[in-house]
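[1] need coordinates for the below:
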Amino acid sequence: MITPAECKAARNLLGWSQPELAKMLFVGGTAIGEFERRRRRSPSLSLRKLRAVFEAAGVEFTNGAEPGVKLRKHAK
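    Alright, predicted model coming up:
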């Protein structure tokens, strides 16, 4: 669904902090950091919802091609 590296890269593209993203997802303040550091995933952190939040903000996942995420181009 979404890897810790993709999460961090997408968050950085959007300029979002870990606490900001956690608040958007209604999870604890450390949930994102622990996931990105591959320590553990909080049971309250839905990877499907995490990806949906990024996609709604304009992030496109590149299915394994480096760097893994990019911002979607807006149609003119």
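[2] what sits against residue 31?
    The contact partners of residue 31, taken as Cβ atoms under 8 Å, 6 or more residues apart in numbering, are 22, 25, 41, 42, 44, 45. Just so you know, the C-beta spots here come from the backbone N, C-alpha and C atoms, and that holds for glycine as well.
[3] mind redoing it with 6 Å?
    22, 42, 45 (Cβ atoms under 6 Å, 6 or more residues apart in numbering).
[4] how about it: what's its closest non-neighbour residue?
    residue 42 (4.1 Å; Cβ to Cβ, 6 or more residues apart in numbering).
[5] how many neighbouring residues does the one you found have?
    Residue 42 has 15 neighbours, counted by other Cβ atoms under 10 Å.
[6] does it count as helix, strand or coil?
    coil (DSSP: H, G, I helix; E, B strand; the rest coil).
[7] state the distance from it to residue 71.
    27 Å (Cβ to Cβ, to the nearest Å).
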